[in-house]
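*Asks:* Let me see the structure of the following:
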Amino acid sequence: MKRIETRIEASNATPEELWDVLMDFPSYPAWNPMVVAIEGEAEVGGQLQTTIAMKSGRRLKFNPTVVQYEPGRSLGWLGKLWLRGLFDGLHRFEIERAGSGAVFVHSEEFRGLLPPLLGRLLRDTHDNFAAMNEALVSEVSQRRTERARTARPAGPPHAPVRL
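*Replies:* Have a look, this model is predicted:
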């Protein structure tokens, strides 16, 4: 078994903000450099249709099954490449509260016959995870800025001036 785990501290993001962006599957093509498309229901037993952009430029499409779902905290899916037992991956997104912010943990456990032979692919996958993590925190920040901008009134109402 091979395991990749990355973490990013999001000191300016709440766990709820991170979760909202992670569960907004239709927005992935706009901000996510790794998971460029995802459709389906995030519920245990649900099937997802996922497209992953590899560092090489190739795109992998697969249909993992959701095996872990705890709203606000974690989403995990089990995917396979070609045949089960050849190259299987348990992919997880987990959010932990950390003071006034949060930590996003992004991991995958690879099992099967091929992972021990695919060192470069696993290194590239680590880099892709890190890029997604950075993009997630950036997207949360951009959404927060946009909410603040649209929530702010244009200015105080002006009363007519009488002379």
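
*Asks:* Could you identify the longest helix within the protein?
*Replies:* helix 119-151 (DSSP state H).

*Asks:* counting contacts, what elements does that one pack onto?
*Replies:* Using 3 or more C-beta pairs under 8 Å, 6 or more residues apart in numbering; DSSP states H and E, the elements in contact with helix 119-151 are strand 2-10, helix 15-23, helix 28-31, strand 101-111. Using the backbone N, CA and C atoms, a C-beta is placed for each residue, glycine as well.

*Asks:* and the second one, what does it pack onto?
*Replies:* Taking 3+ C-beta pairs under 8 Å, 6+ apart as contact, the helices and strands that helix 15-23 lies on are strand 88-98, strand 101-111, helix 119-151.

*Asks:* mind checking how far the last one is from the chain centre?
*Replies:* Relative to the chain's own centre, helix 119-151 is displaced by 8 Å; criterion: C-alpha atoms, centre = their mean, to the nearest Å.

*Asks:* That helix versus strand 2-10: what angle between them?
*Replies:* Helix 119-151 and strand 2-10 are oriented at 20 degrees to each other (axes from the mean of the first three to the mean of the last three C-alpha atoms, to 10 degrees).

*Asks:* Same check on the second one?
*Replies:* Relative orientation of strand 101-111 and strand 2-10, computed by the same axes, to 10 degrees: 170 degrees.

*Asks:* for strand 101-111, which positions count as buried?
*Replies:* For strand 101-111, burial by neighbour count (16 or more other C-beta atoms under 10 Å) applies to 101-104, 106-111.

*Asks:* Given it, what are its sheet partners and their directions?
*Replies:* Sheet pairing of strand 101-111 (DSSP bridges) gives strand 2-10 (antiparallel), strand 88-98 (antiparallel).

*Asks:* Other residues contacting the shortest one?
*Replies:* Applying C-beta atoms under 8 Å, 6 or more residues apart in numbering, the external contacts of strand 2-10 come out as 18, 98, 101-110, 115-116, 122, 125-126, 129-130, 133-134, 136-137, 140.

*Asks:* quick one: average pLDDT of that strand?
*Replies:* Here strand 2-10 scores 91 as its mean pLDDT.

*Asks:* Can you mark which positions in that strand are buried?
*Replies:* Going by 16+ other C-beta under 10 Å, strand 2-10 has these buried residues: 2, 4, 6, 8, 10.

*Asks:* swap in the longest one?
*Replies:* Within strand 88-98, the residues that qualify as buried are 88-95, counting by 16+ other C-beta under 10 Å.

*Asks:* Name the member of those with the shortest distance to V67.
*Replies:* Using C-beta to C-beta, L90 is the member of those that lies nearest V67, at 7.2 Å.
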